[in-house]
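**Student:** predicted model and sequence below, questions to follow.
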Amino acid sequence: MLNITDPVEARKIIRADKYDKQTAGIAGKYVQGNLCILPSKYAIDFAAFCQKNPKPCPLIGFGTKGNPYLKDLGDIDIRTDVPKYRIWKNGEIIDEPCNIKKYWNDDLVVFVLGCSMSFELPLMEAGIEMQHIKNNTTVPMYKTNIDCEPAGPFKGKLVVSMRPLNAEDTIKAIQISSRFPAVHGAPVHLGEPGQIGIKNIMKPEYGDPPRAIKNNEIPVFWACGVTPQSVVENCKPEFCITHKPGAMLITDKLNSSLAAIN
């Protein structure tokens, strides 16, 4: 993992194709974002999908048609500033490049969604260990049996991320993450994974498997910004670009700016 606290420096390294891994813990005070890029004909419906599903899809930035720059979030060129992308055609992943210059065209619209990494720093500052950051792995993410609210062609199941916590830390995590509704907010489920359709917690659909959950811990699940990737698999637009789960866009916006209560 890059041991860098400055988002501009982190993006400089990523832009040069010198880093292509997960970004948890990098420039930890700054907002990281999930990415979804679609042809313009889908833009209104996808914006509506985000509005109807603010827990998994909190919209923190978007671009105009054909514009790859996101000045509101920093000196960002979306074609180069994400460590690893996914290229989708008809709901299938066809490539995972380090930049999307050859795939970019003037009909694309960029959406950036909030990420749970924005509340992980406050959790760690409160003494709560994030096992995936400690182990330099990607947080485990799972498809659930919970339906998102549909909008136009966009419909599908909620994706959640999981962090194993003891009872005391779970209470603190709920209190802290509730302050950040713009980046998923409070957990959506605690405890038994099967109640939300997760058959094997050691086999996530996205990210890395968790370490074994201890006897004094419970799995805590947050809505996840990878949900659009599950939706893309389901509704199969002819073309879409996302980030590889865990390899996020690092912005210049401070996490503290997204707290509902400072």
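**Tutor:** Yep, it's here. What you are looking at is a predicted structure, and each value in this text was computed from that prediction instead of being measured. Residues are numbered from 1 along each chain as shown.
**Student:** show the model's pLDDT score for Ala47.
**Tutor:** Ala47 is assigned a predicted lDDT (pLDDT) of 97.
**Student:** which SSE is it in?
**Tutor:** helix 43-52 (DSSP states H and E).
**Student:** buried sites along whatever helix or strand comes next after that helix?
**Tutor:** Using DSSP H and E, the helix or strand that directly follows helix 43-52 along the chain is strand 59-62. Of all the residues in strand 59-62, those buried under the rule 16 or more other Cβ atoms under 10 Å are Leu59, Ile60, Gly61, Phe62. (Glycine included, C-beta is placed from N, CA and C.)
**Student:** quick check: mean pLDDT of strand 59-62?
**Tutor:** Here the average pLDDT along strand 59-62 is 92.
**Student:** with stretch 175-190 instead?
**Tutor:** What stretch 175-190 shows for mean pLDDT is 89.
**Student:** likewise for stretch 2-16?
**Tutor:** For stretch 2-16, mean pLDDT rounds to 93.
**Student:** I'd like the numbering to begin with 22 instead of 1 from here.
**Tutor:** Got it, the first residue is 22 from now on, which makes the last one we talked about stretch 23-37.
**Student:** ok, and what's touching it?
**Tutor:** For stretch 23-37, contacts defined as Cβ atoms under 8 Å, 6 or more residues apart in numbering pick out 40-41, 44, 47-51, 95-98, 101-104, 271-273.
**Student:** C-alpha coordinates for the helix holding Ala68, CSV please?
**Tutor:** Only the C-alpha atoms of helix 64-73 are listed here, as CSV (Å, rounded to 0.1, in the frame of the first residue of the first chain):
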residue,chain,number,x,y,z
ALA,A,64,-27.5,9.5,-17.3
ILE,A,65,-31.0,10.7,-16.1
ASP,A,66,-32.1,7.2,-15.1
PHE,A,67,-28.9,6.5,-13.3
ALA,A,68,-29.0,9.8,-11.4
ALA,A,69,-32.6,8.9,-10.4
PHE,A,70,-31.4,5.4,-9.3
CYS,A,71,-28.8,7.1,-7.0
GLN,A,72,-31.5,9.5,-5.6
LYS,A,73,-33.8,6.5,-4.8
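**Student:** and it, how far out from the chain's middle?
**Tutor:** Centroid separation between helix 64-73 and its chain, computed with Cα atoms, centre = their mean, to the nearest Å, is 17 Å.
**Student:** between which two of the buried residues of strand 80-83 is the distance greatest?
**Tutor:** Ile81 and Phe83 (8.7 Å; Cβ to Cβ).
**Student:** what ranges do the helices span in this structure?
**Tutor:** Taking DSSP state H to define them, one finds helices in the chain at 28-36, 64-73, 138-146, 152-155, 188-198, 248-256.
**Student:** mind checking these for the one nearest to Gly267?
**Tutor:** Using Cβ to Cβ, these put helix 152-155 closest to Gly267, at 8.6 Å.
**Student:** ok, and the closest non-adjacent residue to Gly46?
**Tutor:** Leaving aside its sequence neighbours, Gly46 sits nearest to Ile154 (Cβ to Cβ, 6 or more residues apart in numbering; 4.7 Å).
**Student:** Phe140 versus the one you found, what's the distance?
**Tutor:** 13 Å (Cβ to Cβ, to the nearest Å).
**Student:** more crowded one of the two?
**Tutor:** The neighbour count for Ile154 versus Phe140, taken as other Cβ atoms under 10 Å, is higher for Phe140 (25 against 21).
**Student:** isn't that one up against Asn276?
**Tutor:** Yes. Using Cβ atoms under 8 Å, Phe140 is in contact with Asn276, at 7.4 Å.
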